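J.: Build me a structure from this.
(chains A, B, C and D)
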2 protein chains.
Amino acid sequence: MMVPFAQTLAARFDSLPAQLQKAARWIEAHPHDVALLSMREQAGRAGVQPATMTRLAQALGYDGYDTVRALHADALRHTRQPGLVATAARRNKLHAGTHEAAAQAMVQHCATQVGALADPPTLAALVRAAALIGQAKRVFSLGMRSSHAVAWHVWYALSLISDRAILLDGVGGVGFDAFAQARDTDVLFVCGVAPYTRAVVEAVMQARALGLRVVALTDSPLSPLISQGDPALIVPTDSASFLHSMAPAFALAECLVALVARGDDPALLARLDGLDRQLAAFNTYHPSKG
Amino acid sequence: MMVPFAQTLAARFDSLPAQLQKAARWIEAHPHDVALLSMREQAGRAGVQPATMTRLAQALGYDGYDTVRALHADALRHTRQPGLVATAARRNKLHAGTHEAAAQAMVQHCATQVGALADPPTLAALVRAAALIGQAKRVFSLGMRSSHAVAWHVWYALSLISDRAILLDGVGGVGFDAFAQARDTDVLFVCGVAPYTRAVVEAVMQARALGLRVVALTDSPLSPLISQGDPALIVPTDSASFLHSMAPAFALAECLVALVARGDDPALLARLDGLDRQLAAFNTYHPSKG
DNA sequence: GGCGCTTTGCAACAAATGTTTTATTAAATG
DNA sequence: CATTTAATAAAACATTTGTTGCAAAGCGCC
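T.: Predicted coordinates:
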C-alpha cells in the first residue's frame, strides 16, 4: 500500500517531538487501521493522547486527522484490484491524460473484469446454466435496453447450433406472447442489469409461474431476475467511463453458449461442417475488397 | 471479498421491505465503502434514510449498523491483493477435463484476448475512431449476423449520449434506405467478421461513394470493410470453442463509445444526471421481487 | 370502506468523534 | 538559578455519529 502520507511522514519524522513520533510509528506499522478505526481508538492503541494524532496531522501539513484517514481510505479502496490502476500506470509509456491513456485504461479495466469471471462460483454457475440450457426443449432469450445485445447474441448463437432458441423481444423477436406456448421443459435465459426493466422482471415471474427454469445473467446476487434454485451468472458492470459496461456480460454469455455447444450432440457436427464450409468459401461473399 | 454478511443478506433479501432492499443493494454493490464511510454518508449515497441502514442491520439479526461495518472492516483488512496468488491457487483446484475446467479455459482465453487489445496500434485506432465519431453529424451503425449485437449496442449506447445515432438494420433499424439522406459529414460504424456478409460490404462501398468516413471493427487488416485512410479496429475472433468469439469486438466497441462520450459535451452531464437519478431510484422499476 | 398491521419519514436523543483551549510539565537558554 | 520556550496532558468544545421514538402513510384482509 502506497500512501503519499508515508512519504511526507518519512521526510519530517526525525524533526518531530517524541509523542508525535510515537504516534507516527504506530500509523506506519498499522496503515490499514488508520481508515478503519476511530482516531481515539488509534490513539489508545498507540499509547498516545487523542490530541497528539491531530497535532501530528497538522505538523505534517494536513488540515486534521480526517484528511489523513481519508488518504488511507482511498489507498484501501484502490489496493484491491492491483491489475487496474497499478498495471496501467506501470506499463504506461503514454503520457497521462492523453486519449490513448484513457483508452488503455478502459481496455485494461475491461480485461481485468473479464478475467475476474474465472472464479469458482461463477464457473460453477456457468456449468449449471449450460447443463440446464443443454437439456431444455426450447430456450427463450430475453433482455432489453443495455442487455438486449447480449440476449440477441445468445439467441443468435443458439440458433446456429440448434433450432430451439426463441428471442423474446418486442422489436426483432416474437414478443412476450410466445410465453403462451411455454412449458416447464423450456428454459428462460434472461439478461438484465440495474435499473431493471419492469417488463423483464415481470416476464421472469411469469416464467417461474409457468414452471420454467430461469438462467439469469445479471449484475448482483440480489437482482430481482434471479430465481431461487436456478443458476445465476453475476457480472460486474462498472466501467472506467460513466456508461456501465456490458462487455463482461457479453463475454460470459458467449462462454455459456460455447459450453452448451460443447455437449456431444451428433447433429451438431453436421451443422458445424456446414459452417466451416461456409467460412472456407467466404470468398464468394466478398469477391473483391473494392 | 467474502463477507459473511453477504450470505445472511442473500438469504433474507427477498423478505425485506422495499427501502431495506434498496439499502441492501447499495451495500452489496459497494462493500468496500461500508467500513470506510459513515453510515449517514452511505445512506445518502444509497438514496435512503439513515434510519433505514440501522433497521436493515437489525432486520438481519445484528445489533446495529456498527456490527455490519465491523464485519466489512475485517474483510477489508484480510483481503490483501487476491489477484495473483489466489487465482493461481484456485486454478489448480479444478480437475482437468471437467466442465469447470473447460469453462475456465474459455473465460481466461477471452480475458487474454481482451487484454491484448491494449496494444498501441489498436489504441491509436480507437482514439482516431472516437474523434471521427465525435465530430460526425450523424453516425450510422451497421452489423449483421454475429456482428449485429455489436452494432446494435453501439447504436444504443450512442443514443444514450446523443441523438445522432442511426441503426442500419433490416429488422430493428431503418434499413439501408437511410443512406439516401447520408452526407459526407456523417460517419459509418461497421462491424463484421469473416465470412463477410455481402450486403454489409456493399453498404460500406456505398458509404465511401457518398463521401462518408468509415470506422470498421473487423477481424483482419485485410478485411473488405476497411477503408483506406479511415481507422480500422482489428480484433481476434478465435475462441476455445468452435464458434468464433465476438466478445473482444464487443468490448472494443464499448470502449469506443466510452471514448466518444468522454468529449466535454455540456449537454452530456444533464443526460448522465438523469441516468444516475434513474439508477438511484430504480426501486420504482421493480417494486418487489415477488 | 374500515381496521389491523407493517413500513416509512422525520425529528430528537445520547454517545462518541475530532478539535481546540487551557493548564501543567519538561527542557533549554541566559 | 531564573526564565522563557516547547511539549505534553487534561478537559471542554462543537459536530457528527448511530439509534430510537413517534406520527403519517401504505397495504392487505375481513
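J.: what about the helices in the stretch 1-150 of chain A?
T.: Ranges of helices within the stretch 1-150 of chain A are A:4-12, A:18-29, A:31-36, A:39-46, A:50-59, A:65-78, A:85-90, A:99-115, A:120-134, A:148-161, based on DSSP state H, counting those that start in this stretch.
J.: mind giving me TSV with those helices and columns for mean neighbour count, distance to A:Ala258 and mean pLDDT?
T.: (C-beta placed from N, C-alpha, C; glycine too.) Below are the helices of the stretch 1-150 of chain A laid out as TSV (neighbours: other Cβ atoms under 10 Å in any protein chain shown; distance: least, Cβ to Cβ, whole Å; pLDDT from 0 to 100):
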stretch	mean neighbour count	distance to A:Ala258	mean pLDDT
helix A:4-12	14	45	78
helix A:18-29	17	49	85
helix A:31-36	20	41	89
helix A:39-46	16	51	90
helix A:50-59	19	55	90
helix A:65-78	19	34	86
helix A:85-90	15	28	37
helix A:99-115	24	14	87
helix A:120-134	20	9	93
helix A:148-161	24	8	94
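J.: okay, those in a markdown table with distance to DNA strand D next?
T.: Below are those laid out as a markdown table (distance: least, Cβ to the nearest atom of the strand, whole Å):
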| stretch | distance to DNA strand D |
| --- | --- |
| helix A:4-12 | 12 |
| helix A:18-29 | 3 |
| helix A:31-36 | 12 |
| helix A:39-46 | 9 |
| helix A:50-59 | 4 |
| helix A:65-78 | 9 |
| helix A:85-90 | 27 |
| helix A:99-115 | 30 |
| helix A:120-134 | 30 |
| helix A:148-161 | 30 |
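J.: how about the ones you listed in CSV, adding distance to B:Ala46?
T.: Shown next, in CSV, are those (distance: least, Cβ to Cβ, whole Å):
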stretch, distance to B:Ala46
helix A:4-12, 29
helix A:18-29, 31
helix A:31-36, 20
helix A:39-46, 26
helix A:50-59, 30
helix A:65-78, 17
helix A:85-90, 25
helix A:99-115, 23
helix A:120-134, 25
helix A:148-161, 27
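J.: For A:Thr185, find the nearest of those helices.
T.: helix A:120-134 (11.2 Å; Cβ to Cβ).
J.: The closest one packs against which elements?
T.: When contacts are defined as 3 or more Cβ pairs under 8 Å, 6 or more residues apart in numbering or on different chains; DSSP states H and E, helix A:120-134 packs onto strand A:187-192, strand A:213-218, strand A:232-234, helix A:247-261, helix B:99-115.
J.: Convert the C-alpha atoms of it to CSV, please.
T.: Extracted in CSV, the C-alpha atoms of helix A:120-134 (Å, rounded to 0.1, in the frame of the first residue of the first chain):
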residue,chain,number,x,y,z
PRO,A,120,-15.1,-20.8,-8.9
PRO,A,121,-18.6,-19.6,-8.1
THR,A,122,-19.1,-18.1,-11.5
LEU,A,123,-17.7,-21.1,-13.3
ALA,A,124,-19.9,-23.4,-11.3
ALA,A,125,-22.9,-21.4,-12.2
LEU,A,126,-21.8,-21.3,-15.8
VAL,A,127,-21.7,-25.1,-15.9
ARG,A,128,-25.0,-25.5,-14.2
ALA,A,129,-26.6,-23.0,-16.6
ALA,A,130,-25.1,-24.7,-19.6
ALA,A,131,-26.4,-28.0,-18.5
LEU,A,132,-29.9,-26.5,-18.0
ILE,A,133,-30.0,-25.0,-21.4
GLY,A,134,-28.5,-28.1,-23.0
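J.: Now do it and strand A:187-192, the angle between them.
T.: 140 degrees (axes from the mean of the first three to the mean of the last three Cα atoms, to 10 degrees).
J.: Would you mind listing what in the stretch 1-150 of chain A touches DNA strand C?
T.: A:38-41, A:50-51, A:53-55, A:57-58, A:63-67, A:69 (Cβ under 7 Å from any atom of the strand).
J.: Kindly recompute the last result at 6 Å.
T.: Along the stretch 1-150 of chain A, the residues adjacent to DNA strand C under the rule Cβ under 6 Å from any atom of the strand are A:38-41, A:50-51, A:54, A:57, A:64-66.
J.: one step back: figure out which of the helices of the stretch 1-150 of chain A is closest to B:Val190.
T.: The nearest among these, by Cβ to Cβ, is helix A:148-161 at 16.0 Å.
J.: Between strand A:213-218 and the closest one, find me the angle.
T.: With the same axes, to 10 degrees defining the directions, helix A:148-161 sits at 140 degrees from strand A:213-218.
J.: what residues go with each domain of chain A?
T.: Domain ranges of chain A: A:4-78, A:85-114, A:119-283, per automatic domain parsing.
J.: Can I get the ones you listed in a markdown table including distance to B:His244?
T.: Output for the domains of chain A, formatted as a markdown table (distance: least, Cβ to Cβ, whole Å):
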| stretch | distance to B:His244 |
| --- | --- |
| domain A:4-78 | 36 |
| domain A:85-114 | 17 |
| domain A:119-283 | 9 |
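J.: Would you mind telling me which of those domains is nearest B:Ser141?
T.: Once the domains of chain A are compared by Cβ to Cβ, domain A:119-283 is nearest, at 11.4 Å.
J.: what's the offset of the closest one from the middle of its chain?
T.: On the basis of Cα atoms, centre = their mean, to the nearest Å, domain A:119-283 sits 17 Å off its chain's mean C-alpha point.
J.: Would you mind measuring from the residue nearest to the spatial centre of chain A to A:Met246?
T.: When Cα atoms, centre = their mean is applied to chain A, the residue found nearest the centroid is A:Pro236 (1.7 Å). Here A:Pro236 is placed at a distance of 11 Å from A:Met246 (Cβ to Cβ, to the nearest Å).
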